[in-house]
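[1] The following block contains a protein sequence and its predicted model.
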Amino acid sequence: SGRRYPFFIDKQLFQAINDFSKKQNVTPFMVMMAVLNFLLVRYCHQEQIAIGFPVVGREDTNFTNTMGLFTNTAVLNTKVSLQENFVTLLRQVKENCLQAYAHQHIAFSALVKQLAIKRHANMNPIFQVMLVWQDWYEQTIKSADGLMVESHPVEQHTAKFDLTFELIPQPSQLKGFIEY
């Protein structure tokens with residue numbers, strides 16, 4: 001059983017996050033990943049944090065004209081010290097993200113098998129926290145042949161992970177959900 005809690009980051013704060021990310025030469029996703037790492041270290045009292053995140057998985061040119069969902073799960077394993085400043089953490093998160101993107105072609109299941117991690121039915125083998133950046137917002141899309149496509153939220157009553165943070169950038173705010 002699980003629940004979802006919605007939250008919003010207003011336009012002014014979201015703009016500050018975007019400005020900061022540009023100044024630091026990172027993406028807003030990387031800033032939010034660093035924030036999540038910091039919060040988890042602060043409240044869980046662990047210095048090693050593993051957070052999963054979905055990657056697109058379309059780096060193979062054979063799939064360029066293929067319809068379908070080609071996602072994989074990458075894992076960001078970050079050692080965080082509360083003694084270091086946020087910019088230092090952000091640099092580490094950026095490097096870890098770039099490494100994860102470079103290896104996103106490795107299937108998550110193959111990674112688990114290679115690491116010989118024992119699986120348990122009630123938990124994910126490598127991480128229990130997921131960060132999802134949905135780089136779209138609710139809108140209606142009209143195709144060239146007139147087909148109308150709308151997004152509709154799906155009610156979920158089960159949590160796939162201990163915590164999932166879903167972030168959806170929109171023109172006027174950053175919309176989010178915490179699923180637990």
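    Perfect, I can see it now.
[2] For Ile141, see how far away Leu147 is.
    9 Å (CB to CB, to the nearest Å). In short, each C-beta sits where N, CA and C put it, glycine included.
[3] list residues touching both of the two?
    Counting by CB atoms under 8 Å, 6 or more residues apart in numbering, Leu147 and Ile141 have no shared contacts at all.
[4] Give the helix, strand or coil label for Phe165.
    Classification of Phe165 using DSSP: H, G, I helix; E, B strand; the rest coil returns strand.
[5] now it, nearest residue through space, not along the chain?
    Leu131 (5.0 Å; CB to CB, 6 or more residues apart in numbering).
[6] you'd agree that neighbour is in a helix?
    No: judged by three-state DSSP, Leu131 forms no part of a helix; its state is strand.
[7] what's near enough to touch it?
    By CB under 8 Å, 6+ apart, the residues touching Leu131 are Phe29, Met32, Met33, Leu36, Ile51, Gly52, Phe53, Thr164, Phe165, Leu167.
[8] And the strands in the chain, which stretches?
    Secondary structure of the chain by DSSP state E: the strands cover 4-10, 48-55, 72-79, 129-133, 140-142, 148-150, 163-170, 173-179.
[9] how about the residue sitting furthest away from the middle of the chain, phi and psi?
    Most distant residue from the mean C-alpha position of the chain: Asp145, 33.2 Å away (CA atoms, centre = their mean). Here is the backbone geometry of Asp145 (degrees, to the nearest 10): phi -90, psi 10.
[10] if we can go back for a sec, tell me the one of the contacts of Leu131 nearest Cys97?
    Cys97 has its nearest neighbour among the contacts of Leu131 in Met33, at 6.8 Å by CB to CB.
[11] Nearest spatial neighbour of that closest one, chain-adjacent residues omitted?
    Computed as CB to CB, 6+ apart, the closest residue to Met33 that is not its neighbour in sequence is Val93, at 5.2 Å.
[12] what about that neighbour, how many neighbours?
    25 (other CB atoms under 10 Å).
[13] what's the distance between it and Trp133?
    From Val93 to Trp133 the distance is 13 Å (CB to CB).
[14] again, but for Val26
    Noted for Val26: a distance of 13 Å to Trp133, by CB to CB.
[15] So in this protein, where's the weakest helix or strand by average pLDDT?
    For the chain, using mean pLDDT, DSSP states H and E, the weakest element among its helices and strands is strand 140-142, scoring a mean of 71.
[16] what stretches of this structure score poorly on pLDDT?
    Scanning the chain for pLDDT under 70 picks out 57-58, 137-140, 152-153.
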